[in-house]
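J.: Any chance you can model this:
(chains A and B)
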2 protein chains.
Amino acid sequence: MNYDKNKSIQILQRTPVVLNELLNGLDEEWIMGNEGPQTFSPFDVLGHLLHGERTDWPVRINLVLEKGLSQPFESYDRFAMYHESKGKSMQDLLNEFTHLRNKNLFWFAELHLEDEDCNKEGMHPSLGVVTLRQLLSTWVVHDLTHIAQITRGMAEQYKEEVGPWAQYFRILNW
Amino acid sequence: MNYDKNKSIQILQRTPVVLNELLNGLDEEWIMGNEGPQTFSPFDVLGHLLHGERTDWPVRINLVLEKGLSQPFESYDRFAMYHESKGKSMQDLLNEFTHLRNKNLFWFAELHLEDEDCNKEGMHPSLGVVTLRQLLSTWVVHDLTHIAQITRGMAEQYKEEVGPWAQYFRILNW
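T.: Have a look, this model is predicted:
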């Protein structure tokens, strides 16, 4: 499948709605459980998505469009949510994420990007030269893989409870 | 996390809502793409979930409660959706799944299961003796892992488009 702006926006618009339906009002045990040491709980993932919305996607898109290769992106802090989410509830994070995502999509639509803009290049601090098309595709993939991570992690909370059925779920041994 | 009836119902109730928000109205390319030969597309997964709702979960729960070890479960047909979903749209499958899941949850609530009922045993055709607790936990895990599968598979549609970012997404090499 080739990158397509409208098909990508379909996903980016859905993510906050899907996460609200999945996580809002859910018991703490589902929300705070992770997949073992140094893995993210659904609560952690929400903070991580929120941090991306605030510091990464629109900022990097802007850098490509305005600075090209001359100014590398800032490194992304994958652990920022550990302090940023402190004292917040899942509902707080869902509300903030929904608000920021909608704001960013509104801003993105106003850019009126053309297909040829997607070939513009930026400088990633570790990956080197990347195109806007790759950055925009990654925004979508980042959403989808984190929904997969959240639901896989939730399933793992019952890994022992399913008894012999565990052997049918290769995903539980991720 | 130990099996808990109410915490499990939280998930089982959410699944059709989450899937509707994620998949309804989505472009065919997202819905029909799979993860390679002999893997499921989101459309296939919906048919599979629907088949389970129709032939598996309530039927097996009933068998445990009414027949115990004396009557083994039928084998589950993991490929039934290939003929059952023929000619249907994603919207059809979402509507049918939502209707059947809600009906099954209503039926399940009316069982008024007590904790000690969860120790009752049934006979799985391949796994042997299983408990009702294990079966009920598997219903939940089955939902969550299939949401994870759907979103992972959708992410993989852009695997080439993300360019060098692919190395940051271990999940894309599932």
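
J.: Which residues does the host helix or strand of A:R14 contact?
T.: For A:R14, the enclosing helix or strand under DSSP states H and E is helix A:5-23. Helix A:5-23 is contacted from outside by A:1, A:30-31, A:42, A:46, A:49, A:90, A:94, A:97-98, A:101-102, A:105, A:108-109, A:113, A:136-137, A:139-140, A:143-144, A:147, A:150-151, B:14, B:17-18, B:21-22, B:25-27, B:29-30, B:147, B:154, using CB atoms under 8 Å, 6 or more residues apart in numbering or on different chains. From N, CA and C alone the C-beta is placed, and that goes for glycine too.

J.: Filter these down to the buried ones and express that as a PyMOL selection.
T.: Entered in PyMOL, the line below selects the buried ones among the contacts of helix A:5-23, by 16 or more other CB atoms under 10 Å in any protein chain shown:
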select buried, (chain A and resi 1+30+31+42+46+49+90+94+97+98+101+108+113+136+137+139+140+143+144+147+150+151) or (chain B and resi 14+17+18+21+22+26+30+147+154)
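
J.: Inside helices: which ones of the contacts of helix A:5-23?
T.: Judged by DSSP state H, helices contain the following of the contacts of helix A:5-23: A:30-31, A:42, A:46, A:49, A:90, A:94, A:97-98, A:101-102, A:105, A:108-109, A:136-137, A:139-140, A:143-144, A:147, A:150-151, B:14, B:17-18, B:21-22, B:29-30, B:147, B:154.

J.: So which helix or strand of chain A has the lowest pLDDT on average?
T.: None of the helices or strands of chain A scores lower by mean pLDDT, DSSP states H and E than helix A:81-84, at a mean of 86.

J.: chain center to that helix: distance?
T.: 15 Å (CA atoms, centre = their mean, to the nearest Å).

J.: What are the buried residues along it?
T.: By 16+ other CB under 10 Å, the buried positions in helix A:81-84 come out as A:81, A:84.

J.: so what secondary structure elements neighbour it?
T.: Judged by 3 or more CB pairs under 8 Å, 6 or more residues apart in numbering or on different chains; DSSP states H and E, helix A:81-84 is in contact with helix A:42-55.

J.: Is any residue of the helix it packs on near chain B?
T.: No. Counting by CB under 8 Å from any CB of the partner chain, no contacts exist between helix A:42-55 and chain B, the nearest distance being 11.1 Å.

J.: hang on, the earlier thing: using CSV, list the CA coordinates for the helix holding A:R14.
T.: Output in CSV follows, covering the C-alpha atoms of helix A:5-23 (Å, rounded to 0.1, in the frame of the first residue of the first chain):
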residue,chain,number,x,y,z
LYS,A,5,-3.0,11.5,2.6
ASN,A,6,-6.7,10.8,2.9
LYS,A,7,-6.3,7.2,3.8
SER,A,8,-3.8,8.2,6.5
ILE,A,9,-6.1,10.8,7.9
GLN,A,10,-8.8,8.1,8.2
ILE,A,11,-6.5,6.4,10.7
LEU,A,12,-5.2,9.4,12.5
GLN,A,13,-8.8,10.7,13.2
ARG,A,14,-9.9,7.3,14.5
THR,A,15,-7.2,6.7,17.0
PRO,A,16,-8.4,9.0,19.8
VAL,A,17,-12.0,7.7,19.4
VAL,A,18,-10.8,4.1,19.4
LEU,A,19,-8.7,4.7,22.5
ASN,A,20,-11.5,6.4,24.3
GLU,A,21,-13.9,3.5,23.6
LEU,A,22,-11.2,1.0,24.6
LEU,A,23,-9.8,2.6,27.8
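
J.: What residues sit buried inside that helix?
T.: Here helix A:5-23 shows A:5, A:7-8, A:11-12, A:14-23 as buried, counting by 16+ other CB under 10 Å.

J.: Check stretch A:154-161 too.
T.: By neighbour count with 16+ other CB under 10 Å, stretch A:154-161 contains the buried residues A:154-159, A:161.

J.: who's in contact with the least confident helix or strand of chain A?
T.: Applying CB under 8 Å, 6+ apart, the external contacts of helix A:81-84 come out as A:44, A:46-48, A:50-51.

J.: Also stretch A:116-134?
T.: Here stretch A:116-134 makes contact (CB under 8 Å, 6+ apart) with A:3, A:60-61, A:63-65, A:67-75, A:113, A:135-136, B:161-165, B:167.
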